[in-house]
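[1] The sequence isn't on hand, but the structure is:
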């Protein structure tokens, strides 16, 4: 059975800027180990993955997200 092709949620919603203060949205891309999910698992395109990475790092720097899990 062929797998369904993943689509970029940001491209589908036409989101250009990923806000680092939107912690609820960013938590979808950080598993319980507090690592950044790779593209093949999150289903995000390459340009949005780079923007997502930058937003996650900014949120961590401002202590909105943890660097490591407990």
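    Received the coordinates, thanks. Keep in mind it's a predicted model, so treat the numbers as computed, not measured.

[2] Just give me the residue closest to the centre of the chain.
    residue 29 (3.9 Å; Cα atoms, centre = their mean).

[3] any weak-confidence spans in this structure?
    The chain contains no residues with pLDDT under 70.

[4] which residue packs closest to residue 58, ignoring adjacent ones?
    Residue nearest to residue 58 in three dimensions, not counting chain neighbours: residue 20, with 4.0 Å by Cβ to Cβ, 6 or more residues apart in numbering. C-beta here means a position set from N, CA and C on the backbone, and glycine is covered the same way.

[5] and if you look at residue 66?
    Excluding the flanking residues, the one nearest residue 66 by Cβ to Cβ, 6+ apart is residue 34, at 5.2 Å.

[6] what comes up buried for the longest helix seen in the chain?
    Ranked by number of residues, the top helix in the chain under DSSP state H is helix 46-61. Applying a neighbour-count criterion of 16 or more other Cβ atoms under 10 Å, one finds 48-49, 51-52, 55-56, 58-60 buried in helix 46-61.
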